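Colleague: structure, please.
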Amino acid sequence: MSEIIKRENHLIDAEGKVLGKLAVEIANILRGKNKPNFVLHHDMGDFVTVKNVDKMKFTGNKFNDKIYHHYTGYHGGLKSATMKEISIKKGPSEILRMAVMGMLCKNKLRALQIKRLRFEK
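Modeller: Have a look, this model is predicted:
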C-alpha cells in the first residue's frame with residue numbers, strides 16, 4: 001500500500017506580497033495540504049523556491065517593532081533581536097523562514113518539510 005509521492009517544484013514570487021500571507025501559502029505547499037490525498041501524519045509536500053524575497057512587504061510598523069526571542073538554555077540566556085536587526089544580519093529570507101517554521105506542525109516532520117524551502121537571489 002506504499003504509494004510513491006510525486007513532489008513538484010513551485011516557484012513563488014514574493015515581490016509585493018505580505019509576509020504572513022506568503023508564509024501561509026508556503027507552509028500549505030510544504031505540508032502537502034494542496035493535494036487531494038493529504039494525510040496529517042505523512043510528509044507529502046512539494047518543493048518551494050521563493051524569489052524576490054527582499055521585495056516583500058511588511059504591514060504596519062512590524063519591521064522596526066517586532067521582537068524575536070531565543071533562549072539559549074543557560075541562565076540569563078534570553079537573546080532578543082528586532083526584525084530589522086535580523087534582516088540586516090541574516091537577510092530577509094531568514095525572516096520568511098522563521099515565519100514558515102512557526103506555521104508548520106511542531107513535530108518530527110517539520111525538519112523534513114523546511115528542508116524543501118529554497119530561496120533564489
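Colleague: from the centroid of this structure, which residue is nearest?
Modeller: Among the residues of the chain, the one closest to the centroid is residue 100, at 2.3 Å (Cα atoms, centre = their mean).
Colleague: contacts only, for it.
Modeller: 23, 26, 27, 30, 114, 117 (Cβ atoms under 8 Å, 6 or more residues apart in numbering). The way it works is simple: take the backbone N, C-alpha and C, and place the C-beta from them, glycine included.
Colleague: ok, 6 Å please
Modeller: Each residue near residue 100 by Cβ atoms under 6 Å, 6 or more residues apart in numbering is listed here: 23, 26, 27.
Colleague: and residue 33, backbone torsions?
Modeller: Backbone torsions of residue 33, given as degrees, to the nearest 10, read phi -70, psi -10.
Colleague: any weak-confidence spans in the chain?
Modeller: 1-2 (pLDDT under 70).
Colleague: can you pull out the strands in it?
Modeller: Counting by DSSP state E, one finds strands in the chain at the ranges 9-13, 47-51, 67-71, 78-82, 117-120.
Colleague: make JSON lines out of those and add mean neighbour count and distance to residue 96.
Modeller: Shown next, in JSON lines, are the strands of the chain (neighbours: other Cβ atoms under 10 Å; distance: least, Cβ to Cβ, whole Å):
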{"stretch": "strand 9-13", "mean neighbour count": "14", "distance to residue 96": "10"}
{"stretch": "strand 47-51", "mean neighbour count": "18", "distance to residue 96": "7"}
{"stretch": "strand 67-71", "mean neighbour count": "10", "distance to residue 96": "13"}
{"stretch": "strand 78-82", "mean neighbour count": "12", "distance to residue 96": "16"}
{"stretch": "strand 117-120", "mean neighbour count": "16", "distance to residue 96": "8"}
